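Enquirer: based on what follows, work out the 3D shape:
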Amino acid sequence: MKVKTFLSSGSVARRARAATVVASLAAVSALVAPTALAAQAPAEPQPTVAQLAQASDAVLSADIGGTAWYTDKASGKVVVTADSTVSAAEINEIKEAAGAQAGALEINRTPGKFTRLIAGGEAITSSGVRCSLGFNVVKAGQYFALTAGHCTIGRPTWSIGTAVPGQTVFPVNDHGVIAHSNPAAADGRVYLYNGTYRDIINAGTPTVGQRIERSGSTTGYRTGTVTGLNATVNYGGGQLVYNTHQTNACAEPGDSGGPLFGGNTAYGLLSGGSGNCTVGGTTFYEPVTRPLGLYGLSVF
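Expert: Numbering: from 1, shown residues only. The predicted structure is shown next:
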C-alpha cells in the first residue's frame, strides 16, 4: 500500500476495485498431558521510554517512503504501518536501523499506497484541483476555512476565498487557512448526508480506540476508530508529517483537508492515507488544535 494525500486533480479517475479473496483456515488442536505442567517463561521487560524513543528515531532515520509510525506506551511498541510499496528489504532496513531496539517494533501492513488526500467536508477548488473544507473558524469577527496545507501550498486562490500568506504548512505539518471572500457563507457545521449537518462547537484531541466521524467531498460521511496518536507519516520524497491522528476510516482523492470529528467536537484535517471506501484503508489527520493554537482561531 502506498501512502497518499487525498487531493483530486481534475476529474477523479475510477479506481479498479480489488477482488476479495476469502481464505479458510483449518483449526489445529494440541493435547497436553494432564500431569505435565509447562514451565512458564518469565515475561520480558517492556522497553523503557528512552528505548522506545530510540526505536522511533531509527524508523525516521531509515527514511522509507510509505511508512507511518507512532509509539504505543501501553503495549511498549513502536507501531509501524507499511503500505504496499514498501518491500521486504526495506522492512529489514528499518529493523537493522533499530538495532538492539528492533524488538520494540511492531510492523503492520496495509493495502494500497499512502498519498496526500477539501461546509466541513464540502468541495473547494483551485487551479483544476479539488479538496475538502475542514472546518470554518473565526478570529476577531473574521471568518476563515481550514483545509490541508498540501492543498493550499502554491495555490493562493480558491473558490471560497484566498489562502492567508504564511498560514500554509506542508510538509512537517499539513494545514492551510483560507480567508472567506463572503463571510456570510461560512457555516460552523459539517455536512453529513442527505441534507443533514452537525454543529461543531468544540475542538480537542481524540483517544485511541475512540469512535470517530469524517466527511469529504468525494466519499461523504464515514466512521471509524482512532488507531494511534502522534503518528509520523512518510509520503516519500522528504515529505513527512508529524504528530498526526491515525484512523481506520476510509477516504479517497478529493477528501483531502476534510474534517475529523466526534459529536460536536473537531479533531483533525485529513492529510492522507491509503486504500479506498470499497476495501477500507488507513488515514492520517492533522490535529485541528495545531492551526487553531498557532493562529488564534476558534471553531463556532
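Enquirer: show me where the stretch 1-150 of the chain has its helices.
Expert: Secondary structure of the stretch 1-150 of the chain, counting by DSSP state H, counting those that start in this stretch: helices at 49-62, 88-98, 149-152.
Enquirer: the closest residue to residue 240 other than its chain neighbours and residue 81: what is the separation?
Expert: Once flanking residues are discounted, residue 240 sits nearest to residue 234: 5.1 Å by C-beta to C-beta, 6 or more residues apart in numbering. Where C-beta positions appear, they are placed from N, C-alpha and C, glycine not excepted. To residue 81, residue 234 is 10 Å away according to C-beta to C-beta, to the nearest Å.
Enquirer: and what of residue 190?
Expert: Taking C-beta to C-beta as the criterion, residue 190 is separated from residue 81 by 27 Å.
Enquirer: ok, residue 202 next?
Expert: 29 Å.
Enquirer: wait, a helix at residue 291?
Expert: Yes: Residue 291 forms part of a helix when assessed by DSSP: H, G, I helix; E, B strand; the rest coil.
Enquirer: OK, contacts around it?
Expert: Shown in contact with residue 291 (C-beta atoms under 8 Å, 6 or more residues apart in numbering): 146, 167, 175, 177, 269, 297.
Enquirer: if you set the cut-off to 10 Å instead, what comes out?
Expert: 134-135, 137, 144, 146-147, 149, 167, 169, 173-177, 203, 269, 297 (C-beta atoms under 10 Å, 6 or more residues apart in numbering).
Enquirer: looking at these, which are in strands?
Expert: 135, 137, 144, 146-147, 167, 169, 175-177, 203, 269 (DSSP state E).
Enquirer: redo those as JSON lines? Include distance to residue 98 and neighbour count.
Expert: Shown next, in JSON lines, are those (distance: C-beta to C-beta, whole Å; neighbours: other C-beta atoms under 10 Å):
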{"residue": "135", "distance to residue 98": "38", "neighbour count": "33"}
{"residue": "137", "distance to residue 98": "40", "neighbour count": "26"}
{"residue": "144", "distance to residue 98": "42", "neighbour count": "23"}
{"residue": "146", "distance to residue 98": "36", "neighbour count": "30"}
{"residue": "147", "distance to residue 98": "36", "neighbour count": "33"}
{"residue": "167", "distance to residue 98": "37", "neighbour count": "19"}
{"residue": "169", "distance to residue 98": "29", "neighbour count": "21"}
{"residue": "175", "distance to residue 98": "31", "neighbour count": "29"}
{"residue": "176", "distance to residue 98": "34", "neighbour count": "28"}
{"residue": "177", "distance to residue 98": "38", "neighbour count": "24"}
{"residue": "203", "distance to residue 98": "35", "neighbour count": "21"}
{"residue": "269", "distance to residue 98": "31", "neighbour count": "34"}
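Enquirer: thanks again, I'm all set now.
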